[in-house]
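**Student:** Structure for this input, please:
(one chain, ligands or ions: 1)
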Amino acid sequence: MAMTVVITGGFGTLGAAVGRAFKAAGANVGLIDHALSPTDEVAREFTGQCLLGGVDLTSFDAAQAALRTVAAKFGGLDALINVAGGFRWETVEEGSLDTWDDLYSMNLKTAVSACKAAIPLLIARGGGRIVNIGAAAASRGGLGMGAYAASKSALARMTESLAEELKDRNITVNAILPAIIDTPVNRQEMPDADFLRWVQPVSIANVISFLVSAQASAVTGAQIPVTHRC
Ligand SMILES: NC(=O)c1ccc[n+]([C@@H]2O[C@H](COP(=O)([O-])OP(=O)(O)OC[C@H]3O[C@@H](n4cnc5c(N)ncnc54)[C@H](OP(=O)(O)O)[C@@H]3O)[C@@H](O)[C@H]2O)c1
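**Tutor:** Residues are numbered from 1 along each chain as shown. From the prediction side, this is the model:
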């Protein structure tokens, strides 16, 4: 039986790349996103899968309804990949206090609410996998990175805590810590950078695929940097 994987932030650059990797491996894929609809390309690529737009994952009710919809379509859930998130560069002195709430909501609360919604579905299946997307840049707060690094650090601690909570239920919980990803948005925002040094979405998708595989059943509570391009 094909496994079913939900990817939050699935209409974005990394989320779609992760979805592509699982689809190529024969999985049923649920893409859930805040954006109302995917790009035409993503909609075409994922024909027959479960694409749910307009879902604000900071709401537990919305997360639960979306995850239940995917599980009902495919007969269960085996893995949740929390890709939904966002970034803002702002100094403390000139920035807004609201940014701290916004990034906390986008990068932490979305993952907590999707995890809460997924746990009973994974348990019903006898176990499963959760993978969160943190950030290598959160290991130390650089200039203008305070709110982002704080929110992704909180996600790292949540990952470790949930791994402990679920370790006797056959559910692993790990985090990937990407460096700057080679995305169209990053290329546009940093036109003078050396793009060829940035990690590719497919490289991150490959590590996530490993964490979801049976071969990674002994790995839980890990924070795995994925930063290199060769
Ligand atoms: N890009 C990088 O260089 C980089 C580096 C390290 C880590 N990361 C992390 O990797 C992940 C993906 O990055 P990306 O570049 O692929 O970003 P992206 O293209 O902006 O995709 C993120 C998606 O998450 C969605 N989202 C945000 N808030 C949400 C909410 N409340 N409910 C549901 N969906 C929500 C966004 O929808 P809306 O836009 O409609 O809100 C967007 O479609 C993020 O967690 C990011 O922090 C990225």
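**Student:** Show residues contacting the strand ranked longest in the chain.
**Tutor:** The residue-count maximum for a strand in the chain (DSSP state E) belongs to strand 171-178. For strand 171-178, contacts defined as Cβ atoms under 8 Å, 6 or more residues apart in numbering pick out 14, 115, 119, 122-123, 127-136, 138-139, 155-156, 159, 162-163, 166, 199, 204, 207-208, 211, 216-217, 219-227. Placement of C-beta: from N, CA and C, glycine included.
**Student:** Now, those that are in helices?
**Tutor:** Within those, residues falling in helices by DSSP state H are 14, 115, 119, 122-123, 155-156, 159, 162-163, 166, 204, 207-208, 211.
**Student:** Could you pick out the buried ones from those?
**Tutor:** Buried members of the ones in helices among the contacts of strand 171-178, counted by 16 or more other Cβ atoms under 10 Å: 14, 115, 119, 122, 155-156, 159, 162-163, 166, 204, 207-208, 211.
**Student:** which residues in this protein form strands?
**Tutor:** Under DSSP E, the chain gives strands at 4-8, 28-32, 50-52, 79-82, 128-133, 171-178, 223-226.
**Student:** Format those strands as a markdown table; extra columns: mean neighbour count and distance to the ligand.
**Tutor:** As requested, the strands of the chain are arranged in a markdown table below (neighbours: other Cβ atoms under 10 Å; distance: least, Cβ to the nearest ligand atom, whole Å):
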| stretch | mean neighbour count | distance to the ligand |
| --- | --- | --- |
| strand 4-8 | 30 | 6 |
| strand 28-32 | 27 | 7 |
| strand 50-52 | 20 | 10 |
| strand 79-82 | 29 | 8 |
| strand 128-133 | 27 | 4 |
| strand 171-178 | 24 | 4 |
| strand 223-226 | 18 | 9 |
